[in-house]
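K.L.:
sharing a sequence plus its predicted fold:
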Amino acid sequence: MPDLSPLDVLRTTFGYDEFRGDQAQVIDHVIAGGDAIVLMPTGGGKSLCYQIPAMVRTGVGVVISPLIALMHDQVSALESLGVRAGFLNSTQSYDEQRATEQRALNGELDLLYLAPERLDLPRTREFFDRLAISLFAIDEAHCVSQWGHDFRPEYLKLSVLGERWPGVPRIALTATATTATRHEIAERLGLQQARTFVASFDRPNISYRIETKQQPLKQLISLIRAEHVGDAGIVYCLSRKSVEATAAALVREGIEALPYHAGLPGPVRSANQSRFLRDDGVVMVATIAFGMGIDKPDVRFVAHLDLPRSIEGYYQETGRAGRDGLPATAWMAYGMADIVQQRQLIEGSDGDSAHKRLLGQHLDAMLGLCETLRCRRQLMLEYFGEASEPCGNCDTCLDPPTPWDGTVATQKLLSTVVRLKRERNQRFGAGQLIDILLGRRTPRVEQWHHDQLSTFGIGTELTDLQWRAMVRQLLAAGLLGVSADGHQTLEPTQASWAVLRGQRSVALRHDAITRAGAAKKRKD
Ligand code: ADP
Ligand code: ZN
């Protein structure tokens, strides 16, 4: 349909009035034959950026997507709009694949979706050699990043597209925003000359809240009861076991919840996914295996019961809330054990020390977001290279935490840790340290004669909870370390010494601050 303008296609085929953000510029650029890298938040409207050029240009637009499970739905949705689309993947029979190839060769398709691993097949390459291709779209392009959370080795081979079919324009799309990822995409896909389009990553309708983990399940249930009764939501957990336990617990509370993780049988997974997409008000409890490519506009909350590994991951996962632009909540419960666990996971992971260092930096940035005294949204956007004002809609804006000078208290804690190590070659976890500081003569304190330490009972100015909050913040800031002994025992770090010597002060935040308080303020 060479006579139709992109705007005509938008209106007649997709039924929308106007382009959003960068869409029009991206589309014009690709129609003119240019390469593009498009960074747009989830829900920003990336699909139209390649679908419309594929319909306007002559030939088939080939879409590389890792989301095999969604291809069928994506293609059916396009077909229902009258777009000529097809897909090729391993779920099809040989005959089905042949038929789709033939339709493409006959010029009966505008869009053809396929998984990246198919490009390895000589058969696919020869098929492409015979095909009139209007463009290559590389969806979820951040999967090429080896340091990212969604790395797919097959993506590295996509450089073949530019090498073997150099005349075909390529458009790489992702919702991952960091400059590092952007450079990696350009380099690994041979897109150094491509024009880059970066949309704002702000999601103003999402209210970000991070609270201290005490009884996470109870906290989650009270969040749902107070603010999200009958709403669709996603609850992320780290392990399959906690996914199942959490889903079961929610069901017992009368909340319609379903589990989703890679260990469930395929049919159960897809049945749960369809129910979540189709029915109103289903809560999906899932590992991060769930969510990429899911287009459900009315997800009203995303909850994290475990700490994400990076701000990128957190942003992606929370970004699945409120795609319809209406108010939505991104809520997380986070505590000391999360830090210990993540640090231990990094320590025990494969990969060289450079890789571990990088994972450590990602985690530190995430922890900085958890412990900040500043606006969470502003900090997050800053991380993506975007300047903004405090949002007035996150917990730290609505209910600002009180800063306090924790230098002296930190010195007391650290000197206890150091004394135990130096004088007795012992290491203990937070519980025992706090008992010592509070001067509690527990059986364990007496057993180890810790009441004879000079720091015994010198910390009564703080409560147990306040000491715990402090240990967590010191761990997050790297002023206290987790020992490599596999137990959750604590030890000083390099940075601890500056505090002990009085060369460095420690600014901490008083943990606020109940969620109920934050919610109440918002309504006022
Ligand atoms: P992304 O892939 O960036 O997450 P999608 O391409 O799935 O986002 O688009 C998100 C939603 O916004 C879809 O429901 C889509 O139909 C809708 N959308 C995209 N562009 C427009 C537009 N110009 N006007 C109105 N709605 C749009
Ligand atoms: Zn804010």
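P.N.:
Thanks, I have it. Numbers count the residues shown, from 1 in each chain. Ligands and ions are numbered 1, 2, ... in the order given.
K.L.:
where in the stretch 1-150 of the chain is pLDDT low?
P.N.:
Scanning the stretch 1-150 of the chain with the threshold set as pLDDT under 70 gives 1-3.
K.L.:
which residues of the stretch 251-400 of the chain fall in strands?
P.N.:
Remark: strands assigned in the stretch 251-400 of the chain by DSSP state E, counting those that start in this stretch are 257-260, 283-286, 299-304, 328-334.
K.L.:
please identify the most buried of the ones you listed.
P.N.:
strand 283-286 (a mean of 27; mean count of other C-beta atoms under 10 Å). (Glycine included, C-beta is placed from N, CA and C.)
K.L.:
and the residue of the stretch 351-500 of the chain closest to ligand 1?
P.N.:
Residue nearest to ligand 1 within the stretch 351-500 of the chain: Phe384 (15.6 Å; C-beta to the nearest ligand atom).
K.L.:
that residue and Ala199 touch, don't they?
P.N.:
No - in this structure, Phe384 is not within contact of Ala199 by C-beta atoms under 8 Å, at 10.7 Å.
K.L.:
quick check: residues of the stretch 351-500 of the chain near ligand 1?
P.N.:
The stretch 351-500 of the chain has no residues near ligand 1, with proximity defined as C-beta under 6 Å from any ligand atom.
K.L.:
contacting residues around the nearest residue in space to Arg343 that is not next to it in sequence?
P.N.:
Spatial nearest neighbour of Arg343, excluding adjacent residues (C-beta to C-beta, 6 or more residues apart in numbering): Val482 at 5.0 Å. When contacts are counted by C-beta atoms under 8 Å, 6 or more residues apart in numbering, Val482 touches Ile339, Val340, Arg343, Gln344, Leu475, Gln488, Thr489, Leu490, Glu491.
K.L.:
try 10 Å this time
P.N.:
Applying C-beta atoms under 10 Å, 6 or more residues apart in numbering to Val482 gives the contacts 336, 339-344, 347, 429, 475, 488-491, 493.
K.L.:
can you pick the most crowded of those residues?
P.N.:
Greatest neighbour count in these, by other C-beta atoms under 10 Å, goes to Leu490: 27 neighbours.
K.L.:
now that one. Its backbone dihedrals?
P.N.:
Torsion angles at Leu490 (phi, psi; degrees, to the nearest 10) stand at phi -110, psi 150.
K.L.:
can you tell me how far it is from Leu112?
P.N.:
56 Å (C-beta to C-beta, to the nearest Å).
K.L.:
excluding its backbone neighbours, what's nearest whichever residue of the stretch 151-300 of the chain sits closest to ligand 1?
P.N.:
Of all residues in the stretch 151-300 of the chain, Asp295 sits closest to ligand 1, at 4.9 Å by C-beta to the nearest ligand atom. Excluding the flanking residues, the one nearest Asp295 by C-beta to C-beta, 6+ apart is Arg323, at 7.4 Å.
K.L.:
tell me, how many residues neighbour that neighbour?
P.N.:
By other C-beta under 10 Å, neighbour count at Arg323 equals 21.
K.L.:
which parts of the helix or strand where Glu163 lies are buried?
P.N.:
In the assignment (DSSP states H and E), Glu163 maps to helix 160-164. Neighbour-count burial for helix 160-164, counted by 16 or more other C-beta atoms under 10 Å, picks out Leu161, Gly162.
K.L.:
so for that helix, mean pLDDT?
P.N.:
Mean per-residue pLDDT for helix 160-164: 94.
K.L.:
go ahead and name everything in contact with it.
P.N.:
With contact meaning C-beta under 10 Å, 6+ apart, helix 160-164 is reached by 35, 62, 64, 119-120, 125, 128-129, 133, 136, 138, 168, 170, 172, 189-191, 193-194.
K.L.:
quick one, which of those are buried?
P.N.:
Among the contacts of helix 160-164, those classed as buried by 16+ other C-beta under 10 Å are 35, 62, 64, 119, 128, 133, 136, 138, 168, 170, 172, 189-191, 194.
K.L.:
about what we covered before: min pLDDT across the contacts of Val482, which one?
P.N.:
Gln488 (81).
K.L.:
residues in the stretch 201-350 of the chain within reach of ligand 1, list them.
P.N.:
Within the stretch 201-350 of the chain, the positions near ligand 1 by C-beta under 6 Å from any ligand atom are Asp295.
K.L.:
and the helices in the stretch 201-350 of the chain?
P.N.:
216-227, 240-252, 266-278, 311-318, 336-348 (DSSP state H, counting those that start in this stretch).
K.L.:
packing partners of the fourth one?
P.N.:
Contact analysis of helix 311-318 by 3 or more C-beta pairs under 10 Å, 6 or more residues apart in numbering; DSSP states H and E lists strand 206-212, strand 232-236, strand 299-304, strand 328-334, helix 353-371, helix 376-383 as its packing neighbours.
K.L.:
got the angle for the first one vs helix 336-348?
P.N.:
With axes from the mean of the first three to the mean of the last three C-alpha atoms, to 10 degrees as the criterion, the two stretches strand 206-212 and helix 336-348 enclose an angle of 90 degrees.
K.L.:
strand partners of strand 206-212, parallel vs antiparallel please.
P.N.:
strand 328-334 (parallel) (DSSP bridges).
K.L.:
average pLDDT for the strand it pairs with?
P.N.:
On average, strand 328-334 scores 97.
K.L.:
is ligand 2 within reach of that strand?
P.N.:
No - Strand 328-334 lies out of reach of ligand 2 by C-beta under 5 Å from the ion, never closer than 11.7 Å.
K.L.:
now do stretch 42-60: distance to the chain's middle.
P.N.:
How far stretch 42-60 lies from its chain's middle: 25 Å, per C-alpha atoms, centre = their mean, to the nearest Å.
K.L.:
circling back to that earlier point, next secondary structure after the helix holding Glu163?
P.N.:
strand 170-174.
K.L.:
any idea of the mean pLDDT for that next one?
P.N.:
Regarding strand 170-174, the rounded mean pLDDT is 97.
K.L.:
which parts of the helix or strand following it are buried?
P.N.:
Following strand 170-174 in sequence order, the next helix or strand is helix 179-188 (DSSP H and E). Within helix 179-188, the residues scored as buried using 16+ other C-beta under 10 Å are Thr181, Arg182, Glu184, Ile185, Ala186, Arg188.
K.L.:
contacts for helix 179-188?
P.N.:
By C-beta under 10 Å, 6+ apart, helix 179-188 touches 35, 37, 39, 138, 141-148, 155-159, 172-174, 176, 178, 191-194, 196, 198, 312, 358, 384-385.
K.L.:
sorry, back to before: ok, the residue nearest to Asp295 touching Ala232?
P.N.:
No - using C-beta atoms under 10 Å, Arg323 is not in contact with Ala232; the gap is 11.1 Å.
K.L.:
okay, and the common contacts of the two?
P.N.:
With contacts taken as C-beta under 10 Å, 6+ apart, the residues that reach both Arg323 and Ala232 are Lys296, Pro297, Asp298, Val299.
K.L.:
who touches the residue in the chain sticking out farthest from the centre in this structure?
P.N.:
Distance to the chain centre peaks in the chain at Gln452, reaching 47.3 Å (criterion: C-alpha atoms, centre = their mean). Contact analysis of Gln452 by C-beta under 10 Å, 6+ apart lists Val445.
K.L.:
could I get stretch 321-340 in PDB with only the CA atoms?
P.N.:
These are the backbone C-alpha positions of stretch 321-340, laid out as PDB (Å, rounded to 0.1, in the frame of the first residue of the first chain):
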ATOM      1  CA  ALA A 321       2.200  -1.700  36.200                       C
ATOM      2  CA  GLY A 322      -0.100   1.000  34.900                       C
ATOM      3  CA  ARG A 323       0.500   0.700  31.200                       C
ATOM      4  CA  ASP A 324      -2.900   2.300  30.700                       C
ATOM      5  CA  GLY A 325      -1.600   5.500  32.300                       C
ATOM      6  CA  LEU A 326      -3.900   5.300  35.400                       C
ATOM      7  CA  PRO A 327      -2.400   5.300  38.900                       C
ATOM      8  CA  ALA A 328      -0.500   2.200  39.900                       C
ATOM      9  CA  THR A 329       1.700   1.100  42.700                       C
ATOM     10  CA  ALA A 330       5.200  -0.300  42.700                       C
ATOM     11  CA  TRP A 331       5.700  -1.700  46.100                       C
ATOM     12  CA  MET A 332       8.600  -3.600  47.600                       C
ATOM     13  CA  ALA A 333       9.500  -5.100  51.000                       C
ATOM     14  CA  TYR A 334      13.200  -5.300  51.600                       C
ATOM     15  CA  GLY A 335      15.400  -6.200  54.500                       C
ATOM     16  CA  MET A 336      18.900  -7.100  55.800                       C
ATOM     17  CA  ALA A 337      18.600 -10.800  54.700                       C
ATOM     18  CA  ASP A 338      18.000  -9.600  51.100                       C
ATOM     19  CA  ILE A 339      21.400  -7.900  51.000                       C
ATOM     20  CA  VAL A 340      23.200 -10.900  52.600                       C
END
